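Novice: need a structure here:
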Amino acid sequence: MRTKVELCGVDTSTLPVLKPDEMKDLFIRLQQGELVVREQLVFCNLRLVLSIVGRYAYRGEQADDLFQVGCIGLMKAIDNFDLKHNVRFSTYAVPMIMGEIRRHLRDHHALRVSRSLRDIAYKAMKAKEQFIAENLTEPTIEQLAHAIEMKKEDVLFALDAIQDPMSLQEPIYSDGGDAIFMIDQIKDKVTEEHWVGSISLQESMKKLNSRQKMIIEKRFFLGETQTEIAQSLGISQAQISRLEKSAVEMMKRDFR
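Specialist: Here you go, the predicted structure:
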């Protein structure tokens, strides 16, 4: 028994699927001007939209919204599909449906991205869709950059900027048992000894007076010279040297 799922008032369990020769016949009729078959092509390919919407379920968007956006991509694919390409319609339609959904997600992005970067990214995505339609293959960054007459570094940066953030709690694999989450795959290169040392250093610095603490921070965290610190505090370099030495000695005693 098929599971009934309602999306935008459509019972997805009853959606029909056309055979390749039936699909070809409908496209021939459509391209001959029989516009009434367009609705049939849309309806019989809604399962394709449904399968793609499932890939974005974790984004927190309403499934109905993504389904409607995907249908827009499907209609664009139907209107622009050419039988001369000699490829399955699904091969042509999937990138266009995904592109429409991604564009929707970018427009409702959780992070603010500058208008200039968004414009570059949109130009690149539009050029990508056109390239796929003409060549039936994904373009390289170099080809996209050439198409919109920009540096490949700028295109890459813009496309990266509009990517959706990924939750550390997002499941990335499950074999039927406990799921593996993104956070499980992140390796912490900072050793336990480093954390212990860092905490000890912070505790030791709390025992310094305000001037000693300032000198240690400027010398070892900001990389300033004793002369630069002396000028900013209005005292001699020799005084800075003595204060630094006494502070370091105090901290060394805490580590012993």
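
Novice: Run through the residues that contact the residue lying closest to residue 141 once chain neighbours are set aside.
Specialist: Sequence neighbours aside, residue 152 is the residue nearest to residue 141 in space, at 4.9 Å (criterion: C-beta to C-beta, 6 or more residues apart in numbering). C-betas here are computed from N, CA, C, even on glycine. Residue 152 is in contact with 141-142, 144-145, counting by C-beta atoms under 8 Å, 6 or more residues apart in numbering.

Novice: Tabulate the residues you listed in TSV, adding columns for neighbour count and secondary structure.
Specialist: Converted to TSV, those look like this (neighbours: other C-beta atoms under 10 Å; DSSP: H, G, I helix; E, B strand; the rest coil):
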residue	neighbour count	secondary structure
141	13	helix
142	10	helix
144	22	helix
145	19	helix
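
Novice: Next, format these as CSV and append distance to residue 119 and pLDDT.
Specialist: CSV is the format used below for these (distance: C-beta to C-beta, whole Å; pLDDT from 0 to 100):
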residue, distance to residue 119, pLDDT
141, 17, 88
142, 20, 90
144, 14, 89
145, 15, 91
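
Novice: quick check, nearest of these to residue 251?
Specialist: Distance to residue 251 across the contacts of residue 152 (C-beta to C-beta) is lowest for residue 141, with 49.5 Å.

Novice: is it true that that closest one touches residue 154?
Specialist: No - with contacts counted by C-beta atoms under 8 Å, residue 141 stays clear of residue 154, the gap being 10.3 Å.

Novice: Break this protein into its domains for me.
Specialist: Annotated domains of the chain cover 1-110, 111-163, 192-255 [automatic domain parsing].

Novice: Using PDB, write out the CA atom coordinates for stretch 220-227.
Specialist: Extracted in PDB, the C-alpha atoms of stretch 220-227 (Å, rounded to 0.1, in the frame of the first residue of the first chain):
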ATOM      1  CA  PHE A 220      52.900  37.800  23.900                       C
ATOM      2  CA  PHE A 221      49.400  38.000  22.400                       C
ATOM      3  CA  LEU A 222      49.600  41.200  20.300                       C
ATOM      4  CA  GLY A 223      53.300  40.900  19.400                       C
ATOM      5  CA  GLU A 224      54.200  44.500  20.500                       C
ATOM      6  CA  THR A 225      57.800  45.300  21.400                       C
ATOM      7  CA  GLN A 226      58.900  46.600  24.800                       C
ATOM      8  CA  THR A 227      59.600  50.000  23.200                       C
END
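
Novice: among the contacts of residue 152, which two are most distant?
Specialist: Greatest spacing in those, by C-beta to C-beta: 142 and 144 (7.3 Å).

Novice: Could you point out the longest helix of the protein?
Specialist: helix 115-135 (DSSP state H).

Novice: which other residues reach that helix?
Specialist: Residues from elsewhere that reach helix 115-135 (C-beta under 8 Å, 6+ apart): 80, 92, 95-96, 99, 102-103, 106, 113, 137-139, 143-144, 147-148, 150, 154-155, 157-159, 161-162.

Novice: Can you turn the buried part of the residues you listed into a ChimeraX selection?
Specialist: The command below creates a ChimeraX selection of those among the contacts of helix 115-135 that count as buried (16 or more other C-beta atoms under 10 Å):
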select :92,95,96,99,102,103,106,139,144,147,148,155,158,159,161,162
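
Novice: average model confidence for the longest helix of the chain?
Specialist: For helix 115-135, mean pLDDT is 84.

Novice: so residue 240 sits right up against residue 226, yeah?
Specialist: Yes - if you go by C-beta under 8 Å, residue 240 and residue 226 touch, sitting 4.5 Å apart.

Novice: So for the two, which sits in the more crowded spot?
Specialist: Between residue 240 and residue 226, residue 240 has the larger neighbour count (other C-beta atoms under 10 Å), namely 24 against 18.

Novice: Give me the residues contacting the helix or strand containing the more buried one.
Specialist: Element membership of residue 240, judged by DSSP states H and E, is helix 237-255. Residues outside helix 237-255 that contact it (C-beta under 8 Å, 6+ apart): 200-201, 203-205, 207-208, 211-213, 215-216, 219, 226-227, 229-230, 233.
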